[in-house]
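> Build me a structure from this.
(2 chains)
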Amino acid sequence: MSIETFIIRNALRNKRRAALTVLSVAVSLFLLVTLLVAMRELTQPPEDVGAALRIAVRSRISIANLLPARQRAVIERIPGVEAVSPFSFFGGKYRDEELTMFAQFGMDPKQLRPIFGEAKMPAEQYAAFEADQRACIVGKITADKYGLKIGDRMPFTSTLYPCDIQLIIAGIYSGTIDDRNVLFHHKYLEEASGTEGQTGLWWVKAASIADMGPVTSAINRAFANSSAEVRAETERAFQLSFVSMLGNIKLFITAICSVVVFTLVLVSVSTMSMAVRERFRELAILKALGFRRRELFVFILAESFGLAAVGALVGIGGALVLFTQMDMSRVTQGIMLTFEVTPRIMGLAGLVAAGLGISASIAPAISVARMSVVDGLKTLD
Amino acid sequence: MALPLKYNVRNVFVRWRATLATVLGIALVVAVFVLVQSLAAGLKRTSGNTGDPRNVLMVRKGSTAESSSQITREQYRLIPYLPEIAKDASGRPLVSPDVLVLMMLPRKEDQGEAHVLFRGISPVGMELRPQVRLVAGRWFAPGHREVVASRRLAARFASFELGDRIKSGTRELTVVGWLDGGDSAFDSEVWMDADEARLLFDRQHYSSVLARAVNEAAMGALTNRIENDRRLPLRALPEVAYYQAQTLTAMPIKVLGGFLATMMSIGAIFAAMNTMYASVGARTREIGTLRVLGFRRRTVVLSFLLEGAFLALIGGVLGCLLSLPLNGYATATIGWETFSETVFRFTITPALMGQGLLFAVLMGLLGSLLPAWRASRLPVIAALKSL
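Got it, this is the predicted structure:
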């Protein structure tokens, strides 16, 4: 019998315990991966393809403060600006829904292609959207969820504006990072709500990456010390400002991750000790036969490391397969979009498993090293 | 005949080294469960604490929060003359139109920015909210650009020390005092003069109107009258009910808590099973002896189930104790109704601890079910012969 077979046989001689250990490690690592992926997605939201050239312009006071329409002409004249569109969050409830999980935005349909080019739609749907002031376009996810098709009507009651609106679907788009939103004419929003000449924010498209910096600061400067000061920032910075509003979420998830890891270590250490205690007598015999402490430590380490590795394989692999196969954006109703298990996260979880395998073998190894052969041979239980 | 409980209790302690890790594992699971749920409980307590039972709040029909509601001045003018509204000693109707504005402000220590809810309020409005007290400095003077910030917000944001100036472009406000909302939603607000707020933030309309009804019986009549008045497209409801309905923020926390507890408990159940199997294995001869003495199989099963439950209960108690130091600790996140920083506290209620203990016992029972079954099925003679 070779050393390898000896170790493997030893690990599997109590199959039930081996299975339970592997499973508890697997479940914990699965949870760890899930938390890390969720944290990554929350704190570094996925970006759209066109995001690098987009600038969001909002009121300096807060996102809830409206901006005057006269700013548009000023922004359009800034060199390096390719397109500008008003953009207002309608905050509508769809039909009788208590909580609508997709957003509706009023915007300028003519600027849709220049600014949000990643939204793909047949040319005639673009034309139909531009032609009718009551028309809207719907993201594919939402259209599929409600079984909507072109020509259907969508009634909304706003929680923000004092009006109800009814939109007619002119197109169904896909290709953005989150194909859920409804886009409609800003003009219709202004007329229906009596907020003519106001917008929630401006989306600006810069001509090139080199223009981003100068355009952003030019917009900020253009309205400094005016009654409607603005804050222009890249789409990324704009997204991250929402993340920052979540507050202590990062600390919170990190704390839970640490507890999970700690619990994991505890459980594995206790299992390994159990496995070793059970065969104290055998280890004493091995010692009597002339095996050295170092070699006994290797036996224990290899067994514990092997169990942790199998657990890691099941847990991390399971998470990878599950999250790639499952449509997480549907499961979480759009709160999570990609839920990508990155190599970095897998590596980190693997590292935790490795550390676990090693640390779980230390305490039993020490007690084996300390035991005298005679005492070991006398052990009964 | 049942086995004496003492047998199991002593067994747990005799093998303390083997059971310690399992007990600690269960303790940590229970601690995480209790803490996450205590966040949801804290949010619930905060919204449940808010409001005066005699007040009626009015917002625009269709709007879900005060901060996104608009009430025009024409609409407001009709309200003070409604007969169900109480009057103060000088005959002034107890009605207050408020203006709510969000401001994006930096947190302390580079913790990013967040929206803060500013409430433009009248003297009557302050009278209608008796749970709010001044704890430092002084109240704002009418007609001045002064604010009184909640002391809990002051602990989180960069420019809320007394005397600090809050700047937003050309606008400037001075912090002159701190308020305490007594663990209510007002702990997440900054108060200032209503007219100044309207001028400063260029608001033509009010956001909400709060009114005191003559007595409790008049509450229903008042809400009915407003809801049915065609001139007033408003939703009227008891102030207390309005705040109680703000449950959006707690929902994702509850879901997260449930998910975490489920996943972690699966791991803990495996650990408990390991411990209990080992415990059964080590006591094979003992169990054989018990059977020979005439104890029945079901007695043995019950006995081991109780042992598992007891072991888990110790873990549960430990977990509750571990979570207790965080009780009352204030934290904050974005409130989905107001879209602003919402302060609340970890609130560990006795009911929550009870749930934690129950959860622990459940884990113990599930973990010891199979080992107990195995113990009862051991062949008696072989068990007696085993070493």
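> Next, give phi and psi for whichever residue of the stretch 51-200 of chain B sits closest to chain A.
Using Cβ to the nearest Cβ, the single residue of the stretch 51-200 of chain B nearest to chain A is residue B:112, 2.8 Å away. (C-beta placed from N, C-alpha, C; glycine too.) Residue B:112 adopts backbone torsions of phi 80, psi -170, taken as degrees, to the nearest 10.
> So in chain B, which strand runs the longest?
Determined from DSSP state E, the single longest strand within chain B is strand B:95-106.
> in its sheet, what does that strand sit against?
strand B:113-121 (antiparallel), strand B:208-212 (antiparallel) (DSSP bridges).
> For chain B, give me its nearest residue in the stretch 101-250 of chain A.
residue A:244 (2.8 Å).
> List the buried residues of the strand or helix carrying residue A:354.
Using DSSP states H and E, residue A:354 maps to helix A:343-370. Using 16 or more other Cβ atoms under 10 Å in any protein chain shown as the test for burial, helix A:343-370 gives A:345-346, A:348-350, A:352-353, A:356-357, A:360-361, A:364-365, A:368.
> about what we covered before: what about the residue of the stretch 51-200 of chain B closest to chain A, how many residues nearby?
14 (other Cβ atoms under 10 Å in any protein chain shown).
> That one and residue A:84: what is the separation?
28 Å (Cβ to Cβ, to the nearest Å).
> So for the residue nearest to residue A:311 when sequence neighbours are not counted, what pLDDT did the model give?
Once flanking residues are discounted, residue A:311 sits nearest to residue A:25: 2.8 Å by Cβ to Cβ, 6 or more residues apart in numbering or on different chains. According to the prediction, residue A:25 has pLDDT 87.
> ok, residue A:25 touching residue A:264?
Yes: Residue A:25 sits in contact with residue A:264 when judged by Cβ atoms under 8 Å, with a separation of 6.6 Å.
> show me where the stretch 101-250 of chain A has strands.
Remark: strands assigned in the stretch 101-250 of chain A by DSSP state E, counting those that start in this stretch are A:104-107, A:135-139, A:153-158, A:164-173, A:182-185, A:198-199, A:201-206, A:230-234.
> could the ones you listed be laid out in CSV, adding distance to chain B, mean neighbour count and mean pLDDT?
Shown next, in CSV, are the strands of the stretch 101-250 of chain A (distance: least, Cβ to the nearest Cβ, whole Å; neighbours: other Cβ atoms under 10 Å in any protein chain shown; pLDDT from 0 to 100):
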stretch, distance to chain B, mean neighbour count, mean pLDDT
strand A:104-107, 14, 24, 95
strand A:135-139, 19, 25, 94
strand A:153-158, 5, 18, 93
strand A:164-173, 8, 20, 93
strand A:182-185, 18, 25, 96
strand A:198-199, 11, 22, 93
strand A:201-206, 13, 23, 95
strand A:230-234, 8, 21, 93
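> Nearest approach to residue B:128 belongs to which of these?
strand A:153-158 (28.2 Å; Cβ to Cβ).
> How far away from the center of its chain is the closest one?
30 Å (Cα atoms, centre = their mean, to the nearest Å).
> what's the answer for stretch A:98-115, then?
22 Å.
> okay, and the common contacts of residue A:25 and residue A:264?
Both residue A:25 and residue A:264 are contacted by residue A:356, under the criterion Cβ atoms under 8 Å, 6 or more residues apart in numbering or on different chains.
> as a whole number, average confidence for the longest helix belonging to chain A?
Assignment by DSSP state H gives helix A:293-325 as the longest helix of chain A. Per-residue pLDDT over helix A:293-325 has a mean of 89.
> Next up, the contacts around residue A:181.
With Cβ under 8 Å, 6+ apart, residue A:181 has these contacts: A:102-105, A:139, A:142.
> Contacts made by the helix or strand bottoming out on mean pLDDT in chain A with the rest, please.
Ranked by mean pLDDT, DSSP states H and E, the weakest helix or strand in chain A is helix A:328-331, scoring a mean of 74. Under the contact criterion Cβ under 8 Å, 6+ apart, helix A:328-331 has outside partners A:141, A:178, A:336-339.
> Buried residues of it, list them for me.
Buried, per 16+ other Cβ under 10 Å, within helix A:328-331: A:328-329.
> Include distance to residue B:54 and pLDDT when you put the buried residues of helix A:343-370 into TSV, please.
As requested, the buried residues of helix A:343-370 are exported to TSV (distance: Cβ to Cβ, whole Å; pLDDT from 0 to 100):
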residue	distance to residue B:54	pLDDT
A:345	54	93
A:346	59	94
A:348	56	93
A:349	56	93
A:350	61	93
A:352	56	91
A:353	60	91
A:356	59	86
A:357	65	87
A:360	62	83
A:361	68	85
A:364	68	81
A:365	71	84
A:368	74	82
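> Distance of residue B:211 relative to chain A?
As judged by Cβ to the nearest Cβ, to the nearest Å, residue B:211 and chain A stand 21 Å apart.
> Model confidence at residue 132, what's the number?
I'll assume chain A. For residue A:132, pLDDT reads 93.
> The intended chain is chain B.
Confidence score, pLDDT, at residue B:132: 96.
> Residue A:333 now?
69.
> likewise residue A:379?
68.
> coming back round to it: where helices are concerned, which of the contacts of helix A:328-331 count?
residue A:141.
> just for chain B, where's the confidence low?
B:1, B:169, B:387 (pLDDT under 70).
> Find the centremost residue of it, please.
Centroid-nearest residue in chain B, with Cα atoms, centre = their mean: residue B:42, separated by 2.1 Å.
> so does the host helix or strand of it get close to chain A?
Using DSSP H and E, residue B:42 sits in helix B:16-48. Yes: Helix B:16-48 reaches chain A (Cβ under 8 Å from any Cβ of the partner chain) through B:17-18, B:20-22, B:24-25, B:28-29, B:31-32, B:36.
> Angles on the backbone of residue B:227, please.
Dihedral angles (degrees, to the nearest 10) for residue B:227: phi -60, psi -30.
> brain fart, residue B:341
Residue torsions, per degrees, to the nearest 10, at residue B:341 are phi -60, psi 120.
> what about the strands in chain B?
B:55-60, B:95-106, B:113-121, B:133-137, B:146-150, B:165-168, B:171-180, B:189-193, B:208-212, B:234-238, B:330-335, B:340-345.
> In contact with residue A:154, which residues?
By Cβ under 8 Å, 6+ apart, the neighbours of residue A:154 are A:94, A:136, A:138, A:148, A:166-169, A:182.
> Who are the contact partners of the closest residue to residue A:247 other than its chain neighbours?
Excluding the flanking residues, the one nearest residue A:247 by Cβ to Cβ, 6+ apart is residue B:333, at 4.1 Å. By Cβ under 8 Å, 6+ apart, residue B:333 lies in contact with A:246-249, B:249, B:341-342.
> and with 10 Å instead?
A:245-249, A:252, B:39, B:43, B:114, B:249, B:252-253, B:341-344 (Cβ atoms under 10 Å, 6 or more residues apart in numbering or on different chains).
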